[in-house]
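> got a predicted structure here, sequence first:
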Amino acid sequence: MKMKLELAMQLLVSNKPAQLIRHCGIGDGIIELEGSLFLEAIQKFETNYENLNIEKFVPASGAATRMFAPLSGVDLLNPNDEAEFFFLHLRDFPFFNSILLDFEKDGLNYDEVTGIERYSRVLTFLFKNGYATLPKGSVPFHSYGEEERTAFAEHCIESSHYMQQNGNHEIHFTIPAEHRLHIENNFRSFLENQRKSIQKISFSSQDPETHIPAFDKNNLPAHSETGEIFLRPAGHGALLKNLQELKGECVFIQNIDNITEASHHADVAAYRKLMGGVLLSLIEERNMLLHNLENNTDYAETRAVSFLEKWFKSSNDKTSLFEQLNKPLRVCGMVENTGEPGGGPFWVKDEDGFETKQIIEKAQINTNDPEQLAVFEKSTHFNPVDLVCHFLDHNGNKYNLEDYRNPTAALISEKLMLGTRTNVIELPGLWNGSMWGWNTVFVEIPSRVFHPVKTVNDLLRSGHKPKV
């Protein structure tokens with residue numbers, strides 16, 4: 001516990017706000033691929049993907065508590081707007097058949113039970129069956145006839161458009177350890193009936209050793225009701241260890257709740273292939289340049305400088321060209337900013353004046369600085385957490401990802417816990433501070449491929465319904 005307290009205090013004290021220079025835009029940090037370039041990138045991926053170990057990494061540890069929060073403790077005589085919308089559109093939700101069966105099990109006809117009695121029974125069914133306490137991935141997101149397909153299952157179907165069902169390709173989910181048996185049983189049943197989906201599934205859980213203490217407003221450790229120091233999960237940045245265990249050749253990362261209904265899969269997959277193709281081209285050229293630098297090939301340095309300036313703009317970096325090239329790579333999709341909460345792509349300056357492209361959350365900047373806040377709010381693009389990574393060097397050896405994180409880029413926010421305002425500390429976010437030292441390329445992707453489910457009513461958005 002002493003070490004945990006020291007780490008938490010170090011993060012709390014040493015955490016430094018990101019210094020934004022400007023937002024990334026088209027032609028200034030974000031690449032727009034259209035026409036023949038779009039098709040070339042897709043072809044690059046399709047030509048090579050059979051020879052790759054393609055993996056998909058999906059952080060899925062979170063419970064669906066916030067998703068169903070608008071329905072928790074709702075006053076049925078005077079429901080909030082979101083709850084009222086939910087009840088009015090009950091028939092359109094993917095789990096409606098399960099609700100009907102629950103009524104029938106008790107000898108009731110859904111259409112004959114009305115008003116508060118009906119809605120009370122619906123809420124009892126949802127909360128009794130763990131919809132708000134199980135991992136969000138276990139919640140039915142879409143329905144196909146009598147099949148209610150969970151987010152977990154839909155990822156396996158969608159991924160088959162750009163990963164082979166057989167071979168070395170697999171999906172890795174991070175899940176809560178306490179729900180592993182439940183999740184594995186659901187997958188077993190699903191995979192038996194869906195032979196066309198990705199069949200190779202693996203799981204891991206966030207290491208409890210990464211849990212971190214919270215602090216009160218006086219920077220003293222917060223305590224639980226039993227008097228023990230309050231420990232909480234250290235955010236998705238703690239999953240860097242889980243990511244490290246993957247093969248690292250071509251790893252797609254996507255949030256569990258950003259998964260569309262099946263009729264949209266082919267469209268979404270085209271942009272995953274696009275990002276994969278860009279990544280493969282980068283790997284190919286970077287590896288050649290690294291070998292050339294090692295062998296002192298003619299014009300090796302000139303070509304390395306040109307490559308770095310074209311993709312990463314690192315002309316003011318004081319390290320060697322070899323060091324600048326010899327890093328993990330990622331290609332991140334960015335969508336136009338539509339006001340969704342979350343981070344975005346920015347040019348950021350470090351203590352040495354070196355400019356890099358980073359994904360920055362609002363919690364990482366000094367919001368009391370009007371200039372920094374203005375830069376953040378002018379952002380034209382948003383981070384949908386849709387990226388593909390490569391963390392092998394030019395000789396096929398895996399990088400130690402811990403070496404490329406920014407330990408001072410922790411996420412610190414104020415939350416009300418046990419009735420007290422508390423500083424909640426998270427390790428540098430997985431695609432924020434934990435990938436700070438990676439070489440990064442941002443590619444624009446259309447907003448139609450981004451359909452997150454933050455509240456239950458988001459399941460009624462267009463991306464979660466059949467294509468018209």
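All right, it came through fine.

> burial measure for L289, as a count.
24 (other C-beta atoms under 10 Å). (Glycine included, C-beta is placed from N, CA and C.)

> which strand or helix spans it?
Using DSSP states H and E, L289 sits within helix 265-294.

> and that helix, what's buried?
265, 268-283, 285-287, 289-290, 292-293 (16 or more other C-beta atoms under 10 Å).

> before we move on, what about stretch 357-370?
357-361, 363-365.

> which of those residues fall in helices?
Among the buried residues of stretch 357-370, none falls in helices (DSSP state H).

> pick the one among these closest to E147.
Nearest to E147 out of the buried residues of stretch 357-370 is I359 (C-beta to C-beta; 35.6 Å).

> hey, what's that closest one bridged with?
Using DSSP bridges, the bridge partners assigned to I359 are P345.

> so it touches H381, yeah?
No: between I359 and H381 there is no contact, the gap being 10.3 Å when judged by C-beta atoms under 8 Å.

> identify the contacts common to the two.
344-345 (C-beta atoms under 8 Å, 6 or more residues apart in numbering).

> which residues does L289 contact?
Contacts of L289 by C-beta under 8 Å, 6+ apart are 300, 303-304, 307, 325.

> same check, this time on H179
Taking C-beta under 8 Å, 6+ apart as the test, what H179 contacts is 134-135, 138.

> neighbours around A262, how many?
16.

> sorry, slip of the keys, the one I care about is N78.
8.

> which strand or helix spans it?
Assigned by DSSP H and E, N78 falls outside every helix and strand.

> roughly how far does it sit from C24?
45 Å (C-beta to C-beta, to the nearest Å).

> tell me where the stretch 51-200 of the chain has helices.
Secondary structure of the stretch 51-200 of the chain (DSSP state H, counting those that start in this stretch): helices at 81-88, 96-105, 115-128, 151-159, 180-193.

> which parts of this structure belong to which domain?
According to automatic domain parsing, the chain is divided into the following domains: 2-52+212-450, 69-130.

> and the shortest one, how far out from the chain's middle?
When C-alpha coordinates are averaged (C-alpha atoms, centre = their mean, to the nearest Å), domain 69-130 and its chain have centres 30 Å apart.

> end-to-end on that domain?
13 Å (C-alpha to C-alpha, to the nearest Å).

> now it: average pLDDT?
For domain 69-130, the mean per-residue pLDDT is 95.

> cool, and the first one?
Rounded to a whole number, the mean pLDDT of domain 2-52+212-450 is 89.

> and stretch 187-203, by the same measure?
88.

> quick one: contacts of whatever helix or strand S413 lives in?
Secondary-structure assignment from DSSP H and E places S413 in strand 411-417. Contact with strand 411-417 is made by 11-12, 15, 214, 222, 230, 235, 237, 361, 363-364, 421-429, 432-433, as judged by C-beta under 8 Å, 6+ apart.

> just the helices in the stretch 201-350 of the chain please.
According to DSSP H, counting those that start in this stretch, the helices that the stretch 201-350 of the chain contains are 240-244, 265-294, 300-311, 321-325.

> how about JSON lines for these, with distance to F376 added?
Putting the helices of the stretch 201-350 of the chain into JSON lines (distance: least, C-beta to C-beta, whole Å) gives the following:
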{"stretch": "helix 240-244", "distance to F376": "25"}
{"stretch": "helix 265-294", "distance to F376": "25"}
{"stretch": "helix 300-311", "distance to F376": "24"}
{"stretch": "helix 321-325", "distance to F376": "27"}
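
> tell me which of those helices sits nearest to L126.
Of all the helices of the stretch 201-350 of the chain, helix 265-294 comes closest under C-beta to C-beta, at 27.3 Å.

> when you compare where the closest one runs with where helix 151-159 runs, what's the angle?
Orientation of helix 265-294 against helix 151-159 (axes from the mean of the first three to the mean of the last three C-alpha atoms, to 10 degrees) gives an angle of 70 degrees.

> tell me how far stretch 189-208 lies from the chain's centre.
With C-alpha atoms, centre = their mean, you get 18 Å for stretch 189-208.

> outside of stretch 191-201, which residues touch it?
56, 153, 156-157, 159-160, 163, 165-166, 168-173, 187, 190.

> run the last query once more with 7 Å
156-157, 159-160, 163, 165, 169-171, 187 (C-beta atoms under 7 Å, 6 or more residues apart in numbering).

> likewise for stretch 454-466?
66-68, 70-71, 82, 85-86, 89, 92-94, 141-142, 260-261, 263-264, 451-453.

> same thing with stretch 90-97?
122, 140-143, 146, 148, 459-460.

> circling back: are any of the contacts of stretch 454-466 buried, and if so which?
67-68, 70-71, 86, 93-94, 141-142, 260-261, 264, 451-453.

> which ones among these map onto strands?
141-142 (DSSP state E).

> PyMOL command for the buried members of the contacts of L289?
Applying 16+ other C-beta under 10 Å to the contacts of L289, the buried members can be selected in PyMOL as follows:
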select buried, resi 300+303+304+307+325
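
> make CSV from the domains of the chain and add distance to Q194 to it.
Below are those laid out as CSV (distance: least, C-beta to C-beta, whole Å):
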stretch, distance to Q194
domain 2-52+212-450, 11
domain 69-130, 16
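
> of those domains, which is nearest S202?
Among these, if distance is taken as C-beta to C-beta, the winner is domain 2-52+212-450, at 9.0 Å.

> now for the buried ones among the contacts of stretch 454-466: which two are most distant?
Farthest pair in the buried ones among the contacts of stretch 454-466, by C-beta to C-beta: L71 and H264, 26.4 Å.

> hmm, back to that, looking at the contacts of stretch 191-201, which is nearest T408?
So of the contacts of stretch 191-201, ranked by how close each gets to T408 (C-beta to C-beta), first place is I171, at 32.7 Å.

> look up the closest residue to the closest one, ignoring the ones flanking it.
Excluding its sequence neighbours, the residue lying closest to I171 (C-beta to C-beta, 6 or more residues apart in numbering) is K56, at 4.5 Å.

> wait, the one you found sits on E158?
No: taking contacts as C-beta atoms under 7 Å, K56 lies outside contact range of E158: 9.3 Å.

> ok, K327 to H291 distance?
16 Å.

> please disregard the earlier target; I meant A410.
37 Å.

> now H161
34 Å.

> next, the contact list for A8, please.
212-213, 215, 425.

> can you do 10 Å?
212-215, 219, 221, 229, 231, 234, 410, 423, 425 (C-beta atoms under 10 Å, 6 or more residues apart in numbering).

> quick one: it is in a helix?
Yes: judged by DSSP: H, G, I helix; E, B strand; the rest coil, A8 forms part of a helix.

> before we move on, the earlier item: the residue nearest to I171 and I256 touch, don't they?
No: using C-beta atoms under 10 Å, K56 is not in contact with I256, being 11.1 Å away.

> quick one, which of these two is more surrounded?
I256 (28 against 25).

> how about the CA coordinates for stretch 257-275, as CSV?
C-alpha atoms of stretch 257-275 as CSV (Å, rounded to 0.1, in the frame of the first residue of the first chain):
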residue,chain,number,x,y,z
ASP,A,257,-19.7,0.3,-27.3
ASN,A,258,-18.8,1.6,-30.7
ILE,A,259,-20.2,-1.3,-32.8
THR,A,260,-22.8,-1.0,-35.5
GLU,A,261,-25.7,-3.1,-36.7
ALA,A,262,-24.7,-5.8,-39.2
SER,A,263,-25.9,-4.0,-42.4
HIS,A,264,-23.3,-1.2,-41.7
HIS,A,265,-20.4,-3.6,-41.1
ALA,A,266,-19.0,-3.6,-44.7
ASP,A,267,-18.9,0.3,-44.7
VAL,A,268,-17.2,0.4,-41.4
ALA,A,269,-14.7,-2.3,-42.4
ALA,A,270,-13.6,-0.4,-45.4
TYR,A,271,-12.2,2.3,-43.1
ARG,A,272,-10.5,-0.3,-40.9
LYS,A,273,-8.8,-1.6,-44.0
LEU,A,274,-7.9,1.9,-45.0
MET,A,275,-6.1,2.5,-41.7
